[in-house]
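> Provided below are the primary sequence and the corresponding predicted coordinates.
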Amino acid sequence: MRTHTALAVAAITLLALTGCGSDTKADPAACKAAMTKAFDEAIAAGNEAKKSKSPAACDGVDNKTLQRIAGELIGDRAGKATEEATESAAPDVTTAQLSDECRAWIEDALLDTSGNIDAAAGYGACGAMSQEELDQAVEDVTDDLVERGATTAP
């Protein structure tokens, strides 16, 4: 939640910067770099961010370009914040994280040729995992079995 608040404050600060354009020599690349720095500082300051003036590097850059740059920066940072939140929320399951009981059940199920897989035992061994985590665990155990030369059941 802090990221979203910081982004909102930074966006407001950044949009305030876009109101200044003049007739001096324009350098949009230098302006974008200065705005990026100001935006990152505003995000780092979070709720303590203060409204600031347009960076000197933005002197002479027209308002339309300033608004485009501001939109790009806000979009980039919002996208990164969403990615980071998604990545931190999604567990990364590896075979090292599997309980011995769950790993053994997956191996037995993969190697079973009778067609009689005990789902209740599987739920008991791996029941705390989401379907996505279980799918990844099965894939990892399958890869491990193949590396060891085992053949999974058809």
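Nice, I can see it. Numbering: from 1, shown residues only.
> For the protein, which residues score under the pLDDT cut-off?
Scanning the chain for pLDDT under 70 picks out the ranges 1-24, 81-82, 84-97, 151-154.
> Which residue ranges of this protein form helices?
For the chain, the helices defined by DSSP state H occupy 2-17, 28-45, 63-89, 100-111, 119-126, 131-147.
> how about JSON lines for those helices, with distance to S52 added?
The C-beta positions use only the backbone N, C-alpha and C, and glycine is treated the same way. Output for those, formatted as JSON lines (distance: least, CB to CB, whole Å):
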{"stretch": "helix 2-17", "distance to S52": "6"}
{"stretch": "helix 28-45", "distance to S52": "6"}
{"stretch": "helix 63-89", "distance to S52": "13"}
{"stretch": "helix 100-111", "distance to S52": "53"}
{"stretch": "helix 119-126", "distance to S52": "53"}
{"stretch": "helix 131-147", "distance to S52": "43"}
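> could you dump those to TSV with mean neighbour count and distance to K53?
Output for these, formatted as TSV (neighbours: other CB atoms under 10 Å; distance: least, CB to CB, whole Å):
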stretch	mean neighbour count	distance to K53
helix 2-17	17	7
helix 28-45	18	9
helix 63-89	14	13
helix 100-111	17	58
helix 119-126	14	58
helix 131-147	15	48
